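*Asks:* Any chance you could fold what I've pasted below:
(2 chains)
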Amino acid sequence: DVKVTQSSRYLVKRTGEKVFLECVQDMDHENMFWYRQDPGLGLRLIYFSYDVKMKEKGDIPEGYSVSREKKERFSLILESASTNQTSMYLCASLGQGGTANYGYTFGSGTRLTVV
Amino acid sequence: GENVEQHPSTLSVQEGDSAVIKCTYSDSASNYFPWYKQELGKGPQLIIDIRSNVGEKKDQRIAVTLNKTAKHFSLHITETQPEDSAVYFCAASISSTNAGKSTFGDGTTLTVKP
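*Replies:* Numbering: from 1, shown residues only, chains lettered A, B, ... in the order given. Here you go, the predicted model:
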């Protein structure tokens, strides 16, 4: 029962390309997050959203933007990909209040290589 | 903002031994502390969590302890098995603010030798 789906497992893009990473959740969660994971640096928050059309910057938003037009979908956009954006990208969702479990549900990740 | 430090970065144990991973946090307002396990090629998966009104929680072979005064929490795995080999992340959040966003430690790579 897949709950958070990231559209691609592996992507290879060229420097300067516009890149879209898609994430869909089927749990009716209000909150969605994009993290990047790099060796030795853990998971760093890029952007998050707490409602449709709402977005907040995380710790490392530079070079990224996001879109949340529907509750179930949260897209990460690299406006002009650069080699230092080569990384594993993880999407997560989280239910809001009133639930006993406040832990994230993560997708399987998208490994992006920019050449 | 919140800062979470995790130690050790790598841990190797013999099958059947115990493993302990420790984390410290900086924001005294944090009230939710989850632990995630990430197996190769997969996203992290929540394995256990603890809230600030509880000092210890157990689930079979895993347990988590929290010391609010010292601002540190730990993951304990007993009777380790090869399938426990993975990367483990601790995290801290304030569950009622900022969409409950979590700050993560840098991860611990646990290897259980048969």
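*Asks:* what does chain A put close to chain B?
*Replies:* A:4, A:30-31, A:33, A:35, A:40-45, A:48-50, A:56, A:58-59, A:90, A:92, A:94, A:96-97, A:101-109 (C-beta under 8 Å from any C-beta of the partner chain). Any C-beta I mention is one placed from the backbone N, CA and C, and that applies to glycine too.
*Asks:* Filter those down to the buried ones and hand me the ChimeraX line.
*Replies:* The following ChimeraX line selects those of the residues of chain A next to chain B that are buried, judged by 16 or more other C-beta atoms under 10 Å in any protein chain shown:
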select /A:4,30,31,33,35,42,43,44,45,48,49,50,58,90,92,94,96,102,103,104,105,106,107,109
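*Asks:* Okay, and which of the residues of chain A next to chain B map to helices?
*Replies:* In helices, judged by DSSP state H, none of these are found.
*Asks:* Which ones among the residues of chain A next to chain B map onto strands?
*Replies:* Among the residues of chain A next to chain B, the residues falling in strands (DSSP state E) are A:4, A:31, A:33, A:35, A:42-45, A:48-49, A:56, A:90, A:92, A:94, A:105-106.
*Asks:* Find the pair from those with maximum spatial separation.
*Replies:* A:G42 and A:S49 (21.2 Å; C-beta to C-beta).
*Asks:* what's the distance between B:E2 and B:V13?
*Replies:* Look at B:E2 and B:V13: by C-beta to C-beta, to the nearest Å, they are 29 Å apart.
*Asks:* Then A:D38?
*Replies:* A:D38 sits 26 Å away from B:V13, going by C-beta to C-beta.
*Asks:* Ok, A:L21 next?
*Replies:* 36 Å.
*Asks:* Can you pick out the residue with more neighbours from these two?
*Replies:* A:L21 (21 against 17; other C-beta atoms under 10 Å in any protein chain shown).
*Asks:* for that one, what are its contacts?
*Replies:* A:6-8, A:11, A:34, A:75-78, A:89, A:91, A:110, A:112 (C-beta atoms under 8 Å, 6 or more residues apart in numbering or on different chains).
*Asks:* could you redo the last one with a cut-off of 6 Å?
*Replies:* Contacts for A:L21 (C-beta atoms under 6 Å, 6 or more residues apart in numbering or on different chains) come out as A:L76, A:Y89, A:T110.
*Asks:* how far away is it from B:T10?
*Replies:* According to C-beta to C-beta, A:L21 and B:T10 sit 29 Å apart.
*Asks:* Repeat that for A:K3.
*Replies:* 30 Å.
*Asks:* For these two, indicate the residue with more neighbours.
*Replies:* A:K3 (13 against 10).
*Asks:* which residues touch that one?
*Replies:* Contact analysis of A:K3 by C-beta under 6 Å, 6+ apart lists A:D26, A:M27, A:T105.
*Asks:* Which member of those residues is positioned nearest chain B?
*Replies:* Nearest to chain B, judged by C-beta to the nearest C-beta, of these is A:T105 at 7.7 Å.
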